[in-house]
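Trainee: everything below, folded, please.
(chains A and B, ligands or ions: 2)
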Amino acid sequence: MSALRQIAFTLNGRAVTADVAPHHTLVEVLQEQFALYGARESCAQGLCGCCTAIVDGRAVSGCLYLAAFADGADVVTIEGLADRNHLDPVQEAFISCNAFQCGFCTSGFILMTRQLLEQNPDPTDDEIRHYLSGNLCRCGTYPDIINAVHAAAATLHKE
Amino acid sequence: MSTRVDPQPITEDRPTVQIGRSIPRLESLEKVTGETEYIHHLRLPHMLYGKIFRSSVAHGRILKLDTRAARELPGVAAVITGADVCALIPEPYYGPAFHDQPVLAIDKVRYVGEPVAVALSEDPHLAEHAANLIEAEYEELPAVFDEVEAAAATDTFVHDALKPAGTFPDLKHLQGRTKTNVALDFSLRHNDAERGFEQADYIFEHVFRTPAAIHAAMEPIVAVGEPRGSSAVTIHTSSQSPSFVRTEVARLLGWPENHVRVRTAFLGGGFGAKLYIKLEALVAVLALLVKRPVKIALTMEEQFYTITKHATTVRMKSGVTKAGKVVARRCEAWWNGGAYADIGPRVTQKSGFTAAGPYDIENVSLDSYAVYTNLPPAGAFRGFGIPQLVWAYESHTDIIARELELDPLEFRRANILRNGRPQATGTIMRDTATVEVLDTLERAMDWKAPRDPGDGNVRRGRGVAIGFKACIAPTTSVAIVNIYGDGSCAVYCGTVDMGQGSDTAMAQIAAEVLGLDPRAISVIHPDTDVTPYDMATLGSRSTFHMGNAVRLAALDAREKLFIMAGKALGCDPGLLSAAGGCVRAPDGRQLSVGEVIKSGFLMQAGNLIGSGSFRPTYTSPSHGDGQSSDITPFWMVGAVGADVEVDMETGHVRVTRLVSVADVGTVINPAIVTRQLNGGAVMQLGLTMSEALRFDHGQVTNASLADYKIPGILDVPAEIFAEAAPGCQHSGPFGAKGAGETGTFAVSPAIANAIHDATGVRIYDLPLTPEVVYRALRAAQHNPLENEL
Ligand code: FES
Ligand code: FES
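Mentor: Residues are numbered from 1 along each chain as shown, chains lettered A, B, ... in the order given. Ligands and ions are numbered 1, 2, ... in the order given. Predicted coordinates for the structure are as follows:
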């Protein structure tokens, strides 16, 4: 439909290029060109956080964020958090607290939790709720997600 | 193959090791690293994307369909309409209860949003653009929207004639019925309700309503059709019912079942939306027509036009004695089924017969109507109609208790249906922890403790409610347990893990029998070419049905393993035991499972395969009075207690505590069961407080998560917890039964009852939005708010 343009960016620590049209979103490019499926589209309106990715240290809704804007940026996805042998403490906490059911929303919650704990290493229940209020989980695992955030905070304190 | 069709207790001769353990889900690692497989992600070589063009009128004859502009758009591979579908399948109508839903509209459309044509392109954006270029002209016909009006309609009918599927004997009499919107009417008569009312000292009668709602699974409905030549097809789908999809698509195509392969992966939620046929027939037809793989992935918005939860109107009438005994109850329920029956007629009957509630009532009369309207089709939704009924009978029950100045919990306990007593169908209740659930809730809530009612602007209240459900019957599950050459093991079962944790539960059951570590067992996801038949993952049936089948399959495999090990160890197989990954002789000698297989096949080779098939007994209700001696293999019971704060100036309700108690039999994995119960409660909290589809002449006006509010983390009560009441389902695997829906049953009336406790105001229609509550408060002050313009 429209002309493609090459962009270059850092993806999970690796320099990459992609050919994108102006209307392509970040989540489309991650899936189509890099086979990264951890950020996934659900509401497509910036309402649920299933498509969360980190661009230059800031969480964005990959369903709305145009891929062209990632040119020159540092992009991190859930796949960039850890290798299978060394999980991030937030990932560990989500497992130990059973903080998911279907898992479709989980990448977004984990990335947002990491960002929260970077800014606020010891959040209260209320702070957690407000920070994560842009992420939706239809399975309703919210109580366990709150527990997981506390558990991850405790682990990070020890480290 | 070991087949067991009777629900006889299967007793264990030793304490269990794996049952009752909260091991993390088998797929935990994939889920936190973003690597979980969902069909949503699937891309096949040469695949086309389909975008659906939908009806813009609620009821109309298609006069003209202009697809030229779409077809001529460069990059568009094809545009397919109902006429093209008919060229492949002369009678392209599907559905589990009625064959009434066309793959694409033919001649007529029956709701706004009905699929009329599909544009196909390698580029999904282009396919969407092309779909927008399609134009249709309709001759609009009168439409019906309200379930009670549609049931009584004499001149406006959604369908010309009823077309029952023929799979259900009790629907046969409906064949060819015309001039009606009532797809199914179910009645039950237990003794004599009229006589019961005459004996009563008080009569209560109320009408309750619930709105249409949607499942909003985070992974929207998706399917990929992949042709294999012109006489076979593979369907990759986010389906909860792969076996049904295979049977139904094969029937449509006139092919044997083995020419249709249906596979699933993990599902990003299901909740009943992904049952029966959704996109599967369409993508199969498209793929066969264009001879390329075709993917259709709905957007969140399109899910609002695909399948909904039944809106209902329920009239309840009870006769009660001075002593506080309910002696008669009459219920009439109208289910708004939308334009296509889907599984609605089953909801009407299978849930309909519980409409009097979990109470021991001598005289009961129930009438339940599945009604066609010109709205999006309604189907199964977590709870299968039970939450709508519990909303009615538990609001009604609470009104009675409070008007008679009886403690609401005591009043329920005094009337509760106990084991050994007949339910309204005549089936004797067994292994059902109704009393234990109430007792546990009373303790968990500290029900009798003094509480602060609040004052001025903020009033506090507390409410309880209890509901029950009969597991759907009769259904079959088949499983295979396969031990490989190295001693590792896989369970092949058609249960779909859509977040409920069935993979883990099935692995725990097999591991218990085989003496293995459940984390070392893999569970093969449904693939009809590989995994055996399973009716579907619905209605909380899997733990019981598939759990029993997996247990039988594991026992069958273990028997073969013991015979092989007996030879190697020179020992009577009957004396062997399995534990810690080994087969042990009484004298202490042991071989690992891998060593046993090597001894039998002389190298790391071969398989030991066990199979199990499970179908409980069932007696269908007799026509007319709905009586049956064996209506269900098990009953589920769920109760909820809620504490609320009501802001008297705004009508805003805050649920401060939500306690769920359930009878789930023996708990296989406590962490997973608790999550299911709380998850169900949170979902139902949304359906209670905010969720409702809004329509304007049949057009959904809030088809977006921006305008249709599902619960977010801020909506979750500060205190929320779930507890399993002591119980054992003796016919279940290790005493277990389902838990997937139980958390939803009683949430809505518990909250409304708490609002009444706080304010003295009763609300009869869901959802309990601030506006609804505020209007009710003002009406109670004889100062009603003007209606909106
Ligand atoms: S899919 Fe991007 S926020 Fe929902
Ligand atoms: S775990 Fe299913 S949506 Fe969150």
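Trainee: for the rest of this, base every contact and every neighbour count on C-alpha atoms.
Mentor: Will do.
Trainee: can you give me the strands for chain A?
Mentor: Assigned by DSSP state E, chain A shows strands spanning A:5-11, A:14-20, A:52-55, A:58-61, A:74-76.
Trainee: so what's the closest residue to B:Ile23 other than its chain neighbours up against?
Mentor: Of all residues not flanking B:Ile23 in the chain, B:Asn669 sits nearest, at 7.0 Å (C-alpha to C-alpha, 6 or more residues apart in numbering or on different chains). For B:Asn669, the contacting residues are B:Ile19, B:Gly20, B:Arg21, B:Ser22, B:Ile23, B:Ala505, by C-alpha atoms under 8 Å, 6 or more residues apart in numbering or on different chains.
Trainee: quick check, nearest of these to A:Asp83?
Mentor: Nearest to A:Asp83 out of the contacts of B:Asn669 is B:Ile23 (C-alpha to C-alpha; 22.3 Å).
Trainee: quick check, pLDDT for the residue of chain A at minimum distance from ligand 1.
Mentor: Ligand 1 sits closest to A:Gly46 of chain A, with a gap of 3.3 Å, by C-alpha to the nearest ligand atom. Looking at A:Gly46, its pLDDT stands at 97.
Trainee: and what of B:Arg451?
Mentor: 89.
Trainee: please produce TSV containing the strands of chain A, extended by distance to ligand 2, mean pLDDT and mean neighbour count.
Mentor: Converted to TSV, those look like this (distance: least, C-alpha to the nearest ligand atom, whole Å; pLDDT from 0 to 100; neighbours: other C-alpha atoms under 10 Å in any protein chain shown):
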stretch	distance to ligand 2	mean pLDDT	mean neighbour count
strand A:5-11	25	98	16
strand A:14-20	29	97	15
strand A:52-55	13	98	26
strand A:58-61	16	97	20
strand A:74-76	21	98	21
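Trainee: can you redo those as CSV with distance to ligand 1?
Mentor: Shown next, in CSV, are the strands of chain A (distance: least, C-alpha to the nearest ligand atom, whole Å):
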stretch, distance to ligand 1
strand A:5-11, 19
strand A:14-20, 19
strand A:52-55, 7
strand A:58-61, 5
strand A:74-76, 16
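Trainee: what about the longest helix in the chain?
Mentor: All of this is about chain A. Of all segments of type helix in chain A, defined using DSSP state H, the longest is helix A:142-158.
Trainee: nope, chain B
Mentor: helix B:542-569.
Trainee: tell me what it is packed against?
Mentor: Counting contacts by 3 or more C-alpha pairs under 8 Å, 6 or more residues apart in numbering or on different chains; DSSP states H and E, helix B:542-569 packs against strand B:2-4, strand B:477-483, strand B:489-493, helix B:502-514, helix B:593-601, strand B:608-614.
Trainee: lowest average pLDDT across these?
Mentor: strand B:2-4 (a mean of 41).
Trainee: pLDDT weak spots in the stretch 101-250 of chain B?
Mentor: Scanning the stretch 101-250 of chain B for pLDDT under 70 picks out nothing.
Trainee: alongside chain A, which residues does it contribute?
Mentor: B:Leu126, B:Ala216, B:Ala217, B:Met218, B:Glu219, B:Pro220 (C-alpha under 8 Å from any C-alpha of the partner chain).
Trainee: neighbour-wise, which one of these leads?
Mentor: Using other C-alpha atoms under 10 Å in any protein chain shown as the neighbour criterion, B:Glu219 leads those with 29 neighbours.
Trainee: what secondary structure does it sit in?
Mentor: Classification of B:Glu219 using DSSP: H, G, I helix; E, B strand; the rest coil returns coil.
Trainee: how about the nearest residue to it, chain neighbours excluded?
Mentor: Nearest one to B:Glu219, counting by C-alpha to C-alpha, 6+ apart, is B:Gly268 at 4.5 Å.
Trainee: from B:Leu538, how far off is the one you found?
Mentor: B:Gly268 sits 15 Å away from B:Leu538, taking C-alpha to C-alpha, to the nearest Å as the criterion.
Trainee: on that earlier part again, how about the CA coordinates for the longest helix of chain A, as CSV?
Mentor: Only the C-alpha atoms of helix A:142-158 are listed here, as CSV (Å, rounded to 0.1, in the frame of the first residue of the first chain):
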residue,chain,number,x,y,z
TYR,A,142,-4.8,-9.2,39.9
PRO,A,143,-4.5,-10.3,43.6
ASP,A,144,-1.7,-12.6,42.6
ILE,A,145,0.0,-10.0,40.5
ILE,A,146,0.0,-7.7,43.5
ASN,A,147,1.6,-10.4,45.6
ALA,A,148,4.2,-11.0,42.8
VAL,A,149,5.2,-7.4,42.7
HIS,A,150,5.8,-7.5,46.5
ALA,A,151,7.8,-10.8,46.2
ALA,A,152,9.9,-9.4,43.4
ALA,A,153,10.6,-6.2,45.4
ALA,A,154,11.7,-8.3,48.3
THR,A,155,14.1,-10.3,46.1
LEU,A,156,15.6,-7.2,44.6
HIS,A,157,16.2,-5.8,48.0
LYS,A,158,18.2,-8.9,49.0
